[in-house]
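[1] Quick check, what structure comes out for this input:
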Amino acid sequence: MKIAGCTALVTGGNRGIGAGFVEELLAQGARRVYVAARVFADAEAACTADVRLAPLALDVTRPEQIAAAAECCGDVDLLVNNAGAFNRLTLMTAPDMEGMRQEIETNYLGPVAMIRAFAPILAANGGGAIVNVLSAGGIVAVPGMGGYSPSKFAMRAASDCIRAELADQGTQVCALIVGSVDTRMAEHVTWQEKTSPREIGRAGLIAVKHNIAEHDTDPHAVSVRAFLARDPAALKASLAAGLANGRS
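    Residues are numbered from 1 along each chain as shown. Next up, the predicted model:
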């Protein structure tokens with residue numbers, strides 16, 4: 001798929017990795033980019049720099065907002081499922097399961113609902129592509145990432161299922177394995193280098209242009225993949241030790 005001339009919708013596009021995608025889409029010649037955010041004022045504020053940007057109120061956990069987005073964005077041929085939730089809770093120490101439910105709703109059920117709503121639109125517009133922004137926590141279980149890591153595992157599996165289901169309509173499905181990024185979600189991470197959001201956006205668009213099914217976007221993601229392949233037991237022990245030391 002070509003980026004130049006495409007029409008993209010980026011969930012959580014007002015900041016972090018979503019904003020990095022928006023910047024890179026504009027730089028590579030996208031015709032229009034819908035910048036989706038839960039709060040419309042935040043989406044509006046992110047759309048002042050370029051006339052190709054269009055704000056959109058969209059909470060991916062609310063079916064009626066997904067339906068409204070599909071109704072008004074019928075020209076989309078690139079869907080970037082970026083919106084995410086990370087509550088920094090563990091499965092056993094969380095006071096209740098509400099945080100886990102939010103992570104599952106936002107990181108798994110929401111993106112699947114978006115794809116169900118937009119798949120017919122992508123088909124009508126020639127097939128297009130879907131990018132699911134996942135995590136290194138979706139290829140190795142991270143004890144300190146409570147509901148987040150399992151939700152990313154689930155969306156990784158869903159990406160494989162959906163890729164097979166949408167192959168006949170010519171829709172690409174790219175799963176991005178993202179490591180440590182310089183965003184608000186990772187502001188507590190101080191022990192390793194963080195990649196810029198725009199670099200993740202650039203890596204994501206490389207995956208789209210070359211139809212890469214699963215793409216490690218940054219040095220941290222690559223190192224996790226390599227460590228997992230080389231010595232999975234040692235990696236799991238290291239992650240468990242990190243939780244015990246409060247570095248989750």
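[2] longest helix in the protein, by residue count?
    helix 148-166 (DSSP state H).
[3] Check which helices and strands the next helix or strand after that helix sits against.
    The C-terminal neighbour of helix 148-166 among helices and strands, as given by DSSP states H and E, is strand 172-177. Secondary-structure packing of strand 172-177 (3 or more C-beta pairs under 8 Å, 6 or more residues apart in numbering; DSSP states H and E): strand 129-133, helix 148-166, helix 197-209, strand 214-216, helix 219-230. Quick note: C-beta positions are derived from backbone N, CA and C, even for glycine.
[4] And the ones you listed, which one averages the lowest pLDDT?
    Of all the helices and strands packed on strand 172-177, mean pLDDT reaches its minimum on helix 219-230 (a mean of 92).
[5] rewinding a little: ok and the longest helix of the chain relative to strand 172-177, angle-wise?
    With axes from the mean of the first three to the mean of the last three C-alpha atoms, to 10 degrees defining the directions, helix 148-166 sits at 160 degrees from strand 172-177.
[6] Quick check: buried residues in helix 148-166?
    148-156, 158-159, 162-163, 166 (16 or more other C-beta atoms under 10 Å).
[7] Show me what that helix packs onto, helices and strands only.
    Counting contacts by 3+ C-beta pairs under 8 Å, 6+ apart, helix 148-166 is packed against helix 98-104, helix 110-124, strand 129-133, strand 172-177.
[8] quick one, it and helix 110-124 angle?
    Using the same axes, to 10 degrees: helix 148-166 against helix 110-124 is 20 degrees.
[9] follow-up on the earlier one: export the helices and strands packed on helix 148-166 to JSON lines and tack on mean neighbour count and distance to residue 86?
    Shown next, in JSON lines, are the helices and strands packed on helix 148-166 (neighbours: other C-beta atoms under 10 Å; distance: least, C-beta to C-beta, whole Å):
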{"stretch": "helix 98-104", "mean neighbour count": "18", "distance to residue 86": "7"}
{"stretch": "helix 110-124", "mean neighbour count": "19", "distance to residue 86": "14"}
{"stretch": "strand 129-133", "mean neighbour count": "26", "distance to residue 86": "12"}
{"stretch": "strand 172-177", "mean neighbour count": "25", "distance to residue 86": "16"}
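[10] And these: which comes nearest residue 22?
    Evaluated with C-beta to C-beta, the helices and strands packed on helix 148-166 place strand 129-133 nearest to residue 22, the distance being 12.7 Å.
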